[in-house]
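Trainee: What would the 3D arrangement of this be:
(2 chains)
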Amino acid sequence: MSLQEINVKIFRYDPEADVEPRFDSFTVPVIKNMAILDVVMYVQNYVDKTLAFRCSCRIGMCGSCAMYINGRPRLACRTQVSSLGTPDITIMPLPNLPIIRDLATDMEPFFEKWKKIKPFYVGKSELKDPVAIRPDSGEREFIDQMLDCITCGCCYGACSMVATNEEYLGPAALNRAYTLIADKRDAIRVERLKAVGRSYGVWRCHDQFNCAEVCPKKLVPTKSIQQLKKRCVLQKFGVFK
Amino acid sequence: MLNFPRILTGEGVLLNAMTWLLQRISAALLLVVLGIHIWALYVFNTSEVISFSEARARLSSAPYVLLYVLLLFFGLFHAFNGVYTVMVDMGLKTRKTTIGILIILGTALFGIGVYSIIQFIM
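Mentor: All right, here's what the predicted structure looks like:
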């Protein structure tokens, strides 16, 4: 599809100044390979300098430009205008997170939950480095798939369970927890499992796969969460140690 | 206030793990008993219309009574456990009370159901 111009509706809201949010409309000329991040940059550079949004790497690595674009969370830098298949584009901030201003959301609740699962590797003291898990082992192959999370928050924004229950840890934190719990070298696997096995952990996931649907890295957090549920039950029967 | 065992209250990991596991087990068993029920009604029973006398005849045999008691039990457990899960999903805070009410309600419905079933034997 070849477009000359697109009509962009952008969510605007400053919680400190505005009574309620509004949408501003802009007409933006399309250039070849234009991404949504280019669109919001165009608006900010040439039309309205007060537009707020967050971005950094521009190559889909940092995860800071996640926005709600035409009805689903996506990375603005990795979403081509042409891929949306329409000249009418609506851009909103990521759902399920407080709004700082316009398209910039406050990621603190997301990272507070991320911290709860202790998202760092703790090696067993009796192990001597380097301890290797063979790359072709089933365990490694599964963990490797799930390690690419860039903490963009797309899954968190898409999750309807986070929307109904703000205490739910969310797909990204649980996926991270799984990559550590599945690692036999980890010294605090059981402690971590207890953290995710609480009421607002894995049990709130009902396999809707919204997270997998929107993940820009094609991860499937639901799969990790199912593995965690299984381990929680096994741990209760004393099988998982 | 009713005193429930600690595993049946609040934030316990065991409660969450067990309700999740039992929900799946009850779902699988429901499929079995419902399958037998449907088979008995629509395959084994060759008459075109299901009549009350046939239902009464069926319920006068012990295996069918057991089947319907199990169907009632698994159905009620699955439904009430599901309702509780949805309530927790929506941010339920008064868990002890809710679990208590659901157990009492479920037990009462199970009692009424069993009473109705055994009327056919008596």
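Trainee: Output the lowest-mean-pLDDT helix or strand in chain A as CSV, nothing but the C-alphas.
Mentor: Least confident helix or strand of chain A, by mean pLDDT, DSSP states H and E, is helix A:138-146 with a mean of 81. Backbone C-alpha positions of helix A:138-146 (Å, rounded to 0.1, in the frame of the first residue of the first chain) are rendered in CSV as follows:
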residue,chain,number,x,y,z
GLY,A,138,16.0,-29.4,26.7
GLU,A,139,16.3,-27.2,29.8
ARG,A,140,18.6,-24.7,28.1
GLU,A,141,16.6,-24.7,24.9
PHE,A,142,13.5,-23.7,26.7
ILE,A,143,15.2,-21.1,28.9
ASP,A,144,17.0,-19.6,25.9
GLN,A,145,13.7,-18.9,24.1
MET,A,146,12.4,-16.9,27.0
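Trainee: what's it packed up against?
Mentor: helix A:171-181, helix A:221-236 (3 or more C-beta pairs under 8 Å, 6 or more residues apart in numbering or on different chains; DSSP states H and E). Every C-beta, even on glycine, is put in place using the N, C-alpha and C of the backbone.
Trainee: so what pLDDT did A:L193 get?
Mentor: A:L193 is assigned 91 on the pLDDT scale.
Trainee: could you list every residue that touches it?
Mentor: Contacts for A:L193 (C-beta atoms under 8 Å, 6 or more residues apart in numbering or on different chains) come out as A:I181, A:L228, A:R231, A:C232, A:Q235, A:F240.
Trainee: what about it, which SS state?
Mentor: Put simply, A:L193 is helix when judged by DSSP: H, G, I helix; E, B strand; the rest coil.
Trainee: what's the closest of the contacts of A:L193 to chain B?
Mentor: Closest to chain B out of these is A:C232 (4.8 Å), distances taken as C-beta to the nearest C-beta.
Trainee: pretty sure A:I89 is in a strand, no?
Mentor: Yes - A:I89: assigned to a strand according to three-state DSSP.
Trainee: For the one helix or strand in chain B whose mean pLDDT sits lowest, buried residues please.
Mentor: Every helix and strand in chain B was compared by mean pLDDT, DSSP H and E; the lowest is helix B:52-58, with a mean of 84. Going by neighbour count (16 or more other C-beta atoms under 10 Å in any protein chain shown), the buried part of helix B:52-58 is B:R58.
Trainee: how about B:A27, phi and psi?
Mentor: phi -60, psi -40 (degrees, to the nearest 10).
Trainee: no wait, A:C215
Mentor: Main-chain dihedrals, A:C215, degrees, to the nearest 10: phi -60, psi 120.
Trainee: So which bits of the one helix or strand B:I99 maps to are buried?
Mentor: Assigned by DSSP states H and E, B:I99 falls within helix B:95-121. By neighbour count on 16+ other C-beta under 10 Å, the buried set for helix B:95-121 is B:R95, B:I99, B:G100, B:L102, B:G106, B:F110, B:G113, B:I117, B:F120.
Trainee: and of those, the nearest to A:E166?
Mentor: Nearest to A:E166 among the buried residues of helix B:95-121, counting by C-beta to C-beta, is B:R95 at 17.1 Å.
Trainee: can you list the residues of chain A near chain B?
Mentor: Proximity of chain A to chain B (C-beta under 8 Å from any C-beta of the partner chain) is limited to residues A:161, A:164-167, A:194, A:197-199, A:201, A:203-204, A:206, A:229, A:232-233, A:235-236.
Trainee: PyMOL command for the buried members of the residues you listed?
Mentor: This is how PyMOL selects the buried members of the residues of chain A next to chain B, with burial counted by 16+ other C-beta under 10 Å:
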select buried, chain A and resi 161+165+197+198+199+201+203+204+229+232+233+235+236
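Trainee: Hmm, B:N81 is touching B:T19, no?
Mentor: Yes - in this structure B:N81 lies within contact range of B:T19 using C-beta atoms under 8 Å: 5.6 Å.
Trainee: after the helix or strand harbouring A:D24 comes which helix or strand?
Mentor: Per DSSP H and E, A:D24 falls inside strand A:22-29. Per DSSP H and E, strand A:22-29 leads on to helix A:36-42 as the next helix or strand towards the C-terminus.
Trainee: which ones are touching the residue nearest in space to the middle of chain A?
Mentor: What sits nearest the mean C-alpha location of chain A, by C-alpha atoms, centre = their mean, is A:G153, with 2.4 Å. Each residue near A:G153 by C-beta under 8 Å, 6+ apart is listed here: A:G63, A:A66, A:P73, A:L94, A:L97, A:T105, A:M107, A:F110, A:A172.
Trainee: let's go with 10 Å and repeat that
Mentor: When contacts are counted by C-beta atoms under 10 Å, 6 or more residues apart in numbering or on different chains, A:G153 touches A:63-64, A:66, A:73, A:94-97, A:105, A:107, A:109-111, A:114, A:170-172.
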